[in-house]
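Novice: Predicted model and sequence below, questions to follow.
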Amino acid sequence: MSASTNRLANHVALITGASSGIGLAVAEAMASEGASLVVNYRSQEQPAKELVERVLKAGGHAVAIQADVSQEEDVVRLFDETIRTFGRVDVVVSNAGIQKDAAIAEMTLKDWNTVIEVNLTGQFLCAREAVRRYRTQSRKDAPARSAGCIITMSSVHEIIPWAGHINYASAKGGVRMFTQSLAQEVAADGIRVNAIAPGAIKTPINREAWETEEALTKLLRLIPYGRIGEPEDVARAAVWLASDEADYVTGTTLFVDGGMSLYPEFRDNG
């Protein structure tokens, strides 16, 4: 990662699902840019606490808070503890997400509901609480030009259909319109809302897609840029969206996908 430019100095950043994968990389990147961190986790306490320890050892500020983003009372408590610890919140990265894949004929209602509750309802609960807190905070005390920033974590599957993953794709399609509608609603309050849509990123959740040479070769056929993404690719995008460098950007989805969303099957004229 490039050297810090302190773009998030004096910011308090809350990242959900920050104990592994993309969320962990986003948290580390924001800490390196000067942000005080709230590291949210649902069940992976140890890596969340290890991240906090690394930030503290480097001279930063961080705390780990357990919460399930699909539960309203957990989300309210998460924000309450953030405010008690740091006095305010300036950036919310709503990253927590899960997959429970199956063909539709075999998909259970429980697996459908669980994915929708975490990947879409969780976005609603976190964003609603963020807006409420941003509206109560003094604009003159804000460390940024905006009153607050919300970054939702979407996926290339907000626009690319994905057979066998209909619950996940439906949730991400919902995140796309949720992000745009929310951005339209709260822009007058000085609150910016954007989404990041990662493509194939090298994380533990999709290890089967990249850990063998055969699997990686198959995957790379879908990526015109010719490499699988790293969590740091998404983290750098998140830092930029959270900073004043992106102050005039709201209601957009930033695709971090190496061209996966560009219909690669048509690159040889179809």
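Specialist: In hand now; what should we look at?

Novice: Show me which residues of the helix or strand of the chain with the lowest mean pLDDT are buried.
Specialist: Confidence across the helices and strands of the chain bottoms out at helix 213-220, with a mean of 90, counting by mean pLDDT, DSSP states H and E. Of all the residues in helix 213-220, those buried under the rule 16 or more other C-beta atoms under 10 Å are 219-220. Every residue, glycine included, has its C-beta placed from N, CA and C.

Novice: just for the stretch 151-270 of the chain, where's the confidence low?
Specialist: In the predicted model, the stretch 151-270 of the chain carries pLDDT under 70 at residues 270.

Novice: Kindly recompute the last result at 50.
Specialist: For the stretch 151-270 of the chain, applying pLDDT under 50 flags no range at all.

Novice: Just list the residues touching the one residue sitting closest to the centre of the chain, thanks.
Specialist: Ranked by distance to the mean C-alpha position of the chain (C-alpha atoms, centre = their mean), the top residue is residue 95 at 3.0 Å. Contacts of residue 95 were listed using C-beta atoms under 8 Å, 6 or more residues apart in numbering, and they are 15-18, 22-23, 26, 153.

Novice: If we use 6 Å, what do you get?
Specialist: For residue 95, the residues meeting the contact criterion (C-beta atoms under 6 Å, 6 or more residues apart in numbering) are 15-17, 23, 153.

Novice: just residue 139 next, same as before
Specialist: Applying C-beta under 6 Å, 6+ apart as the definition, the contact partners of residue 139 turn out to be residue 147.

Novice: Kindly report the same for residue 11.
Specialist: 35, 90-91, 143.

Novice: the helices in the chain, which residues?
Specialist: Counting by DSSP state H, residue ranges of the helices within the chain are 21-32, 45-57, 72-86, 109-116, 122-136, 166-186, 213-220, 231-242.

Novice: closest to residue 265 out of those helices?
Specialist: The closest of the helices of the chain to residue 265 is helix 213-220. By C-beta to C-beta, the value is 13.6 Å.

Novice: export the closest one as CSV, just CAs?
Specialist: Coordinates of each C-alpha in helix 213-220 appear next as CSV, following Å, rounded to 0.1, in the frame of the first residue of the first chain:
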residue,chain,number,x,y,z
GLU,A,213,-4.2,-23.2,-11.2
GLU,A,214,-7.1,-24.7,-13.0
ALA,A,215,-9.7,-22.7,-11.1
LEU,A,216,-7.7,-19.5,-11.5
THR,A,217,-7.3,-20.0,-15.3
LYS,A,218,-11.1,-20.4,-15.5
LEU,A,219,-11.7,-17.3,-13.4
LEU,A,220,-9.3,-15.1,-15.4
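
Novice: Residues contacting that helix, please?
Specialist: If you take C-beta under 6 Å, 6+ apart as the criterion, helix 213-220 is touched by 200, 209-210.

Novice: Also stretch 60-76?
Specialist: In contact with stretch 60-76 (C-beta under 6 Å, 6+ apart) are residues 16, 31, 36-42, 48-49, 52, 55, 78, 81, 85, 96, 117-118, 121-122, 125-126, 129.

Novice: Return the distance of stretch 32-48 from the chain's centre.
Specialist: Per C-alpha atoms, centre = their mean, to the nearest Å, the displacement of stretch 32-48 from the mean C-alpha position of its chain is 13 Å.

Novice: could you dump it to PDB, C-alpha only?
Specialist: Extracted as PDB, the C-alpha positions of stretch 32-48 are listed here (Å, rounded to 0.1, in the frame of the first residue of the first chain):
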ATOM      1  CA  SER A  32      -3.100   4.200   7.800                       C
ATOM      2  CA  GLU A  33      -4.700   7.400   6.600                       C
ATOM      3  CA  GLY A  34      -5.300   8.600  10.100                       C
ATOM      4  CA  ALA A  35      -8.800   7.500  10.900                       C
ATOM      5  CA  SER A  36      -9.900   6.200  14.300                       C
ATOM      6  CA  LEU A  37     -11.400   2.800  13.800                       C
ATOM      7  CA  VAL A  38     -14.500   1.000  14.900                       C
ATOM      8  CA  VAL A  39     -13.800  -2.600  13.900                       C
ATOM      9  CA  ASN A  40     -17.200  -4.400  13.800                       C
ATOM     10  CA  TYR A  41     -17.400  -8.200  13.800                       C
ATOM     11  CA  ARG A  42     -20.100 -10.700  14.300                       C
ATOM     12  CA  SER A  43     -18.300 -13.900  15.300                       C
ATOM     13  CA  GLN A  44     -14.600 -13.600  14.500                       C
ATOM     14  CA  GLU A  45     -13.500 -11.800  17.700                       C
ATOM     15  CA  GLN A  46      -9.800 -12.800  17.600                       C
ATOM     16  CA  PRO A  47      -8.800 -11.300  14.200                       C
ATOM     17  CA  ALA A  48     -10.800  -8.200  15.100                       C
END
